[in-house]
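1. Structure, please.
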Amino acid sequence: MSLDKNRVRTIANLARLEVRDDELDHLAGELSNIIHFVEQLAEVNTDGVAPMTSVANMELPRRVDEVTDGGCQDKILANAPEQQDGFFLVPKVVE
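-> You can find the predicted model right below:
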């Protein structure tokens, strides 16, 4: 399928693109080449080929869903520069 100037002008209008008249011939050729390539892809026999979303067989890593009680306040507060009554102590930044 080849496109002419009028069809390219219509496509540009629908896409809300401003295309100058001197660019229409070049753009028509480029778009015709793209459509020709897509038509070639349509000729490929894909019977028996399952659709896929990626060419790599991927599976997300999963971890065991274990309930923990925490209970490591001392370990966490060991990283605090200052602490008070089991909480991080930070300087006041708003007056």
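2. looking at it, Ser32 is touching Lys5, isn't it?
-> No - using Cβ atoms under 8 Å, Ser32 is not in contact with Lys5, being 11.7 Å away. Where C-beta positions appear, they are placed from N, C-alpha and C, glycine not excepted.
3. pull the longest helix from the protein.
-> Assignment by DSSP state H gives helix 24-42 as the longest helix of the chain.
4. Can you give the distance of the next helix or strand after it from its chain's centre?
-> Helices and strands here follow DSSP states H and E; after helix 24-42, the next one along the chain is helix 73-77. Relative to its chain's centre, helix 73-77 lies at 39 Å (Cα atoms, centre = their mean, to the nearest Å).
5. now do stretch 30-40
-> 25 Å.
6. Repeat that for stretch 36-49.
-> Worked out by Cα atoms, centre = their mean, stretch 36-49 lies 25 Å from the chain centre.
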